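Participant: Quick one, what's the 3D model for this:
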Amino acid sequence: MFEGTTILAVKKGNAVALGGDGQVSAGPVAIKHTAVKIRKLYQDQVLAGFAGSTADALTLFEKFEEKLEEYRGNLMRAAVELAKEWRTDRMLRRLAAQILVCDRSQILMVSGNGDVLAPDNGVMAIGSGGPYARAAARALAGHSTLSAREIVNAAMEIAAEICVYTNRSIVIEELL
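Facilitator: The predicted structure is shown next:
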């Protein structure tokens with residue numbers, strides 16, 4: 001479990017939204033409140049967010065973007081190839097982060113254990129506040145007419161109320 005962040009992706013209809021909070025913590029101390037942990041990749045067709053060490057996550061973003069270029073935007077193939085390299089490369093193996101990536105058709109969580117996981121229900125979250133945001137998003141997605149972006153925003157607000165490592169400085173990106 002990575003402390004210090006919450007990253008949440010929701011796919012609803014033809015839209016996908018990815019949100020992240022802005023808190024950066026060093027142990028029990030919040031040292032930054034407005035960090036941006038999500039970004040658009042591959043010609044603005046892919047969204048990616050990270051939990052864990054910032055330097056490690058930025059390295060993973062670079063590697064993932066290389067894989068996206070190599071496989072012409074094929075999200076699943078790029079994620080699988082990144083996971084394989086991450087698990088077997090001596091340097092990459094030591095990286096302490098997870099990434100959550102999505103395009104208009106799918107959401108994937110990629111880890112250094114070789115995991116490439118897709119949600120069953122269009123909702124996936126990582127980070128210390130991930131379980132709270134995921135539970136809230138699942139409830140909102142199943143029992144409201146809110147858009148993907150609105151669900152991400154509301155669920156992130158709920159996570160911020162519960163998780164001490166999550167704040168309300170929320171950044172959301174969306175693909176329609």
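
Participant: switch to C-alpha atoms for all contacts and neighbour counts from now on
Facilitator: OK.

Participant: what residue ranges in this structure score low on pLDDT?
Facilitator: 1-3 (pLDDT under 70).

Participant: quick one: the helices in it?
Facilitator: In the chain, the helices defined using DSSP state H lie at 54-70, 75-88, 130-142, 148-162.

Participant: Need the winner for burial among the ones you listed.
Facilitator: helix 148-162 (a mean of 23; mean count of other CA atoms under 10 Å).

Participant: Can you give me the neighbour number for Gly129?
Facilitator: Residues near Gly129, counting by other CA atoms under 10 Å, number 29.

Participant: Contacts only, for the closest residue to it other than its chain neighbours.
Facilitator: Leaving aside its sequence neighbours, Gly129 sits nearest to Thr6 (CA to CA, 6 or more residues apart in numbering; 4.8 Å). Going by CA atoms under 8 Å, 6 or more residues apart in numbering, Thr6 touches 20-21, 51, 125-130, 133, 156, 159, 165-166.

Participant: phi, psi of the residue of the chain positioned farthest from its centre?
Facilitator: The outermost residue of the chain, judged against the average C-alpha position, is Arg90 (24.1 Å), by CA atoms, centre = their mean. Note on Arg90: its backbone torsions stand at phi -60, psi -40 [degrees, to the nearest 10].

Participant: Could I get the contacting residues of it?
Facilitator: Going by CA under 8 Å, 6+ apart, Arg90 touches no other residue.

Participant: Look up how far Thr59 lies from it.
Facilitator: Separation of Arg90 from Thr59 (CA to CA, to the nearest Å): 14 Å.

Participant: Looking at the helices of the chain, which is nearest to Ala35?
Facilitator: Minimum separation from Ala35 across the helices of the chain (CA to CA) falls at helix 54-70, 9.9 Å.
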